[in-house]
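K.L.:
Fold the following for me, if possible:
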Amino acid sequence: MRFPADVPSGGRSVVVQLRVRRFICRDSDCVRRTFVEQIPGLTRRHGQRTERLRSTLAAVGLALAGRAGARIARVLGVSVSGSTVLRLVDALHEPEVAAPRVVGVDEYATRKGRHYGTVLVDIETRRPIDMLPDREASSLAAWLAERPGVEVVCRDRAPFFAEGAPAGAPQAVQVADRWHLWHNLSEATERAVAQHRRCLSTLVPAAPEPEPGQARKKNRPVHPGRPGTGSPTAPGPGMPPSTHC
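P.N.:
Numbering: from 1, shown residues only. Okay, here's the model as predicted:
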């Protein structure tokens, strides 16, 4: 008897009770003495889940990865760990990818500031094709040399990509992608503004001069002084001496 778990129904877990046959090999030299019957489309060897449940969890893992996929699976009624979800994703067969015509090349960081690799994307389908463990020119050149159908290479202006792309695909047209063009332009503009910051002061209009009447009001003394003297500390006739400094 086998009890593979199946897709939940109505939020409740489902277990299939399956009776299968076990065969015995009469060859004494055979390593595997017994064979258990497998149901195509339902079970597999050493599998604890049906093929339908495996494909469902793998689809969740492709969309949400490990921990988030496990949380959603528990909501759906399947108790599974994040590592199991990732294991099911790793067990998927890699889809066959058609030979790309327009390839985008950029770098990715496994550890920012220390270790970088190269990611290659099919620009027409907007899907990643391959990932190289480094960003050396020789690695990119070898990858492009194995795909002679590449017609356009869209990349940034990094020296290792600038050297590897023509070496691996001399027939391809080299194109600088739009994002890196705008990024390089913004960096160059920022550097130019920083170098000529003093010149920007000449473009700012000077503040208008205050009117004579407004200047006298602004400079009027806080404490009244002797008439005609303008002194803030001299007392007028019949007034007590000021105690203010």
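
K.L.:
So what sits opposite the nearest residue to residue 104 once chain neighbours are set aside in the bridge?
P.N.:
Of all residues not flanking residue 104 in the chain, residue 121 sits nearest, at 4.1 Å (C-beta to C-beta, 6 or more residues apart in numbering). C-beta: built from backbone N, CA, C; applies to glycine. Beta-bridge pairing for residue 121 (DSSP bridges): residue 104, residue 128.

K.L.:
pretty sure residue 121 contacts residue 130?
P.N.:
No. If you go by C-beta atoms under 8 Å, residue 121 and residue 130 don't touch, sitting 9.2 Å apart.

K.L.:
so which helix or strand takes in the residue nearest in space to the middle of the chain?
P.N.:
Against the mean C-alpha coordinate of the chain, by C-alpha atoms, centre = their mean, the closest residue is residue 108 at 9.1 Å. If you go by DSSP states H and E, residue 108 is part of strand 102-111.

K.L.:
list the buried ones in that strand?
P.N.:
Applying a neighbour-count criterion of 16 or more other C-beta atoms under 10 Å, one finds 102, 103, 104, 105, 106, 107 buried in strand 102-111.

K.L.:
now, which of those sits nearest residue 173?
P.N.:
The shortest approach to residue 173 among these belongs to residue 102, at 9.4 Å (C-beta to C-beta).

K.L.:
so what secondary structure elements neighbour the host helix or strand of residue 84?
P.N.:
Taking DSSP H and E as the criterion, residue 84 maps to helix 82-90. Judged by 3 or more C-beta pairs under 8 Å, 6 or more residues apart in numbering; DSSP states H and E, helix 82-90 is in contact with helix 51-64, helix 66-76.

K.L.:
These into CSV, with extra columns for distance to residue 174 and mean neighbour count?
P.N.:
Shown next, in CSV, are the helices and strands packed on helix 82-90 (distance: least, C-beta to C-beta, whole Å; neighbours: other C-beta atoms under 10 Å):
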stretch, distance to residue 174, mean neighbour count
helix 51-64, 33, 18
helix 66-76, 38, 16
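
K.L.:
Residue 121 and residue 130: who's more crowded?
P.N.:
Neighbour totals were compared for residue 121 and residue 130, and residue 121 leads with 18 against 14 (other C-beta atoms under 10 Å).

K.L.:
What about residue 166, how many residues nearby?
P.N.:
Residue 166 has 16 nearby residues by other C-beta under 10 Å.
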